[in-house]
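Undergrad: Provided below for reference: sequence and predicted model.
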Amino acid sequence: QLQLVESGGGLVQPGGSLRLSCAASGFSFQDHYVIGWFRQAPGKEREGISCMSSRLPNTYVLDSVKGRFTISRDNAKNTVFLQMDSLKPEDTAIYYCAARQGVSPGTCGRWEYNYWGQGTQVTVSS
């Protein structure tokens, strides 16, 4: 059974950093999967932040987080990370990890993903 478990969320001041982790089980990164990070703020739709192939260097990054957020993976640990720097109050949301079979991350559309983690809260506030 494929499972995704997020960790690393919390409260951080504006300008601070957090590193989220998504530990995947039930499948191997050696297979062709796309893993992504999404977020949903209160009253807003869930949006794709960054998605990447489990085997190839293909990566998608949302324009509003380019230069601040970086997605990476450790294939040996079946884990995907999201390094978030220069955080802003508008980054406050529940952050989710998701996965689907495939090769290209495309535009990180949430409707394409059928496996989801439980989410981790990120709050940026002074």
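TA: That came through fine.

Undergrad: For the protein, give me the ranges with low pLDDT.
TA: Filtered on pLDDT under 70, the chain yields no residues whatsoever.

Undergrad: Can you name the residues that contact the closest residue to L62 other than its chain neighbours?
TA: Sequence neighbours aside, I49 is the residue nearest to L62 in space, at 5.0 Å (criterion: Cβ to Cβ, 6 or more residues apart in numbering). To be clear about C-beta, it is placed using only N, CA and C from the backbone, and glycine gets the same treatment. Neighbouring residues of I49 by Cβ atoms under 8 Å, 6 or more residues apart in numbering: G36, W37, F38, R39, V61, L62, V65, F69, L82, Y95, C108.

Undergrad: I49: which element?
TA: According to DSSP states H and E, I49 maps onto strand 47-53.

Undergrad: quick one, strands of the chain?
TA: Remark: strands assigned in the chain by DSSP state E are 3-7, 10-12, 18-25, 33-40, 47-53, 59-61, 69-74, 79-84, 93-101, 115-116, 120-124.

Undergrad: bridging residues for the residue most central in space within the chain?
TA: When Cα atoms, centre = their mean is applied to the chain, the residue found nearest the centroid is W37 (1.9 Å). With DSSP bridges as the criterion, W37 is bridged to S50, C97.

Undergrad: and it, what is it in contact with?
TA: By Cβ under 8 Å, 6+ apart, the neighbours of W37 are 20, 22, 48-51, 69, 71, 80, 82, 95-98.

Undergrad: what about 6 Å?
TA: By Cβ atoms under 6 Å, 6 or more residues apart in numbering, W37 lies in contact with I49, S50, L82.

Undergrad: Closest one of these to S7?
TA: The shortest gap between S7 and any of the contacts of W37 belongs to L82, at 11.1 Å (Cβ to Cβ).

Undergrad: neighbours of that closest one, just the number please.
TA: 24 (other Cβ atoms under 10 Å).

Undergrad: Return the member of the contacts of W37 nearest to G15.
TA: L82 (17.4 Å).

Undergrad: Many thanks, I have nothing further to ask.
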